[in-house]
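*Asks:* Pasting a predicted model and its sequence here:
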Amino acid sequence: MAQTSVKIDPYVNFNFLVEIDGIVQGSFMECGGIESVTEVIETREGGDNTTVSKRPGKTTYSDITLKRGLTNSAELHQWRQQIIDGTIDRRNGSIVIYDLANKVEVVRWNFIRAWPTKWDGPALNASGKEIAVETLVLAHEGITRA
């Protein structure tokens, strides 16, 4: 008799935190750019004129884009200001997904040597009713799933 397989549900995308060295708040409404791409190097082998060999080349990592509701906390903006002022302050961090009960960590990606490359302030509209959202873009040198 065949054994019944266990159903594994995918994780939800809304229950996450972002941890950044030395910055306490990590509640963001959106996080994107969890990506790595390895270039393909195509080479032809002598004597084999019908196929191309494909080998891995340089790996690059997409910038991480974080969006959150604007608050009176200035820690992220101060970190960005250091870059503008010429002081490079690289920090490590993590993107962590929790279970639905918000008690158990289920997935973690660790990124290294990040620094804020861009900050966008909120779009303001006197007749609007939406939350004022700021965006921070982090360049980094690698991300791994822990």
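*Replies:* Good, I have the coordinates.
*Asks:* use CA for all of it now, contacts and neighbours both
*Replies:* OK.
*Asks:* quick one, longest strand in this protein?
*Replies:* strand 105-120 (DSSP state E).
*Asks:* can you give me the mean pLDDT across that one?
*Replies:* Mean per-residue pLDDT for strand 105-120: 96.
*Asks:* partners of the helix or strand just after that strand, with directions?
*Replies:* Using DSSP states H and E, the next helix or strand after strand 105-120 towards the C-terminus is strand 133-139. Using DSSP bridges, the strands paired with strand 133-139 are strand 64-69 (antiparallel), strand 105-120 (antiparallel).
*Asks:* tell me which strands and helices whichever helix or strand comes after strand 133-139 is in contact with?
*Replies:* With elements assigned by DSSP H and E, the helix or strand that comes after strand 133-139 is strand 143-145. Helices and strands touching strand 143-145, by 3 or more Cα pairs under 8 Å, 6 or more residues apart in numbering; DSSP states H and E, are strand 105-120.
*Asks:* roughly how far out does the strand it packs on sit from the chain middle?
*Replies:* In terms of Cα atoms, centre = their mean, to the nearest Å, the centre of strand 105-120 is found 5 Å from the chain centre.
*Asks:* Tell me which residues are up against that strand.
*Replies:* By Cα atoms under 8 Å, 6 or more residues apart in numbering, the list of residues contacting strand 105-120 from outside reads 77, 79-80, 83, 88-99, 134-146.
*Asks:* neighbours around S62, how many?
*Replies:* The number of residues packed near S62 is 17, by other Cα atoms under 10 Å.
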